[in-house]
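Enquirer: Predicted structure and sequence below. I'll ask about it afterward.
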Amino acid sequence: MLDSERTSLAQSELLRFITAGSVDDGKSTLIGRLLHDSKSIFEDQLTSITHTTRKRGSEGVDLSLLTDGLQAEREQGITIDVAYRYFATPRRKFIIADTPGHEQYTRNMVTGASTANLAIILIDARKGVLTQSRRHAYLASLVGIPHLVVAINKMDLVEFSQSIFERICDEFAAFAQKLDLRNVTYIPMSALNGDMVVERGDRLDWYQGVTLMNLLETLSIEDDINRDDFRFPVQWVCRPHTPELHDFRGYMGRIESGSIKVGDYIKVLPSGLSSRIKEIWVYEGALAEAFAPQSVTLTIEDQLDISRGDMLAKAEETLRVTKNFDAMLCWLSEQPLDLGRKYLIKQSTRMAKVIIDQIGYRVDVNTLVHEDVSVLKMNDIARVTLKVQLNLVCDDYARNRATGCFIIIDENTNNTVAAGMIMPT
């Protein structure tokens, strides 16, 4: 792809990213600085947080208040919930998820990270790499975030020392080698003063890399989606029942990965039936080809029994269709896991009853040690074996985030109690 094409694509893309780190590392302040210096906040918002800052007896403007919206957060000066913020620059649109730093809010970070393209892990330059820093790096690796920024913050409190920055980079890099982290960038900064966030400032002249904002605006995310494996979970069967469209039968949904052309041979899973693509429709009209993540309506040449929950794939592709598989599971509920009890599993558009048959091990998210346990409690992450009532199309999460993930639902309360990632056999 030409550079001009990449620039045009970046301007139309939405980049989702999260911030994570230890308590008081400056996550909310960093987001506030991004919003403030990119001119993405309204005058009344600035007036409001200025007033709140003064009420708390502080000088200037506490930019962290732009994200710390819960009253409990403002009283404690920490982030508890996941705070989402949308903003845009002339070059790109963004959604930020400001995630909690405490270990007891691991589930909140997993939720915020599940759809992210990039994670920013903040490290206090005075403290270096902490247990929480390693935990958040592991969670970013677990949920398959393609890009990682290690933001070494509060450089103003260590006199903008290059040697301290390099020591922290080396320490984090040694840990990152143990994880599947493919693209890591290290940036020194002072979120409080704005150095290397949007503007370079004049106190980190020894650092030759890009600012955080420049990285966010130019990062290529076109390869974050699986472009090879066509996956189309059927969301709805379209039968208009109007005189002019009496015989129309279309299958509506979003292409989660890959691409499809008119005339391509496809198969329907789990049934295994096959046909060819006849038409591809979007709101604006017919297409000859469609790509992930477009939402489309597909028609096929044959009359087949296809319904919500079925998966369309290309005929030549080999897929794993099974009722039993292993997964990494993050338990989200305050009620512990009840082994052997029937829950509901929702994977893509398919729903079925499921039993979590056994727990292989729980991961200590601070040390990465595998532990033998007989129960999972809130925020626990473990490798488990599941038995499903119906066949599921199981892609390995590491290869296809969109179709390799699922949630577990308590059918009595309808609460989501766990989120999972399908593992290789």
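Expert: Yes, it's here.
Enquirer: Tell me which residues touch Lys314, please.
Expert: Listed by CB atoms under 8 Å, 6 or more residues apart in numbering, the contact partners of Lys314 are Phe230, Gly258, Ile260, Asp264, Tyr265, Ile266, Lys267. Every residue, glycine included, has its C-beta placed from N, CA and C.
Enquirer: PyMOL command for the buried members of those?
Expert: In PyMOL syntax, the buried subset of those is picked out as below (16 or more other CB atoms under 10 Å):
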select buried, resi 230+258+260+264+266+267
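Enquirer: Tabulate the contacts of Lys314 (JSON lines), appending secondary structure, pLDDT and distance to Asp37.
Expert: Formatted as JSON lines, the contacts of Lys314 follow (DSSP: H, G, I helix; E, B strand; the rest coil; pLDDT from 0 to 100; distance: CB to CB, whole Å):
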{"residue": "Phe230", "secondary structure": "coil", "pLDDT": "97", "distance to Asp37": "42"}
{"residue": "Gly258", "secondary structure": "coil", "pLDDT": "96", "distance to Asp37": "39"}
{"residue": "Ile260", "secondary structure": "strand", "pLDDT": "97", "distance to Asp37": "42"}
{"residue": "Asp264", "secondary structure": "coil", "pLDDT": "97", "distance to Asp37": "47"}
{"residue": "Tyr265", "secondary structure": "strand", "pLDDT": "98", "distance to Asp37": "52"}
{"residue": "Ile266", "secondary structure": "strand", "pLDDT": "97", "distance to Asp37": "48"}
{"residue": "Lys267", "secondary structure": "strand", "pLDDT": "97", "distance to Asp37": "51"}
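Enquirer: which one of the contacts of Lys314 is nearest Arg134?
Expert: Of all the contacts of Lys314, Arg134 sits closest to Gly258, with 34.8 Å by CB to CB.
Enquirer: What sits closest to that closest one if chain neighbours are left out?
Expert: For Gly258, ignoring the flanking residues on the chain, the nearest one in space by CB to CB, 6 or more residues apart in numbering is Phe230 at 3.4 Å.
Enquirer: can I assume the one you found is in contact with Lys267?
Expert: No: using CB atoms under 8 Å, Phe230 is not in contact with Lys267, being 10.3 Å away.
Enquirer: joint contacts of those two?
Expert: Both Phe230 and Lys267 are contacted by Leu312, Ala313, Lys314, Glu317, under the criterion CB under 8 Å, 6+ apart.
Enquirer: ok, and the most crowded of the residues you listed?
Expert: Within these, Leu312 tops the neighbour count with 24 neighbours, counted by other CB atoms under 10 Å.
Enquirer: Run through the residues that contact that residue.
Expert: Contacts of Leu312 by CB under 8 Å, 6+ apart are Phe230, Arg231, Phe232, Val234, Tyr251, Ile266, Lys267, Val268, Leu269, Leu298, Ile306.
Enquirer: Which of those residues sits closest to Leu215?
Expert: Using CB to CB, Arg231 comes nearest to Leu215 of the contacts of Leu312, at 29.9 Å.
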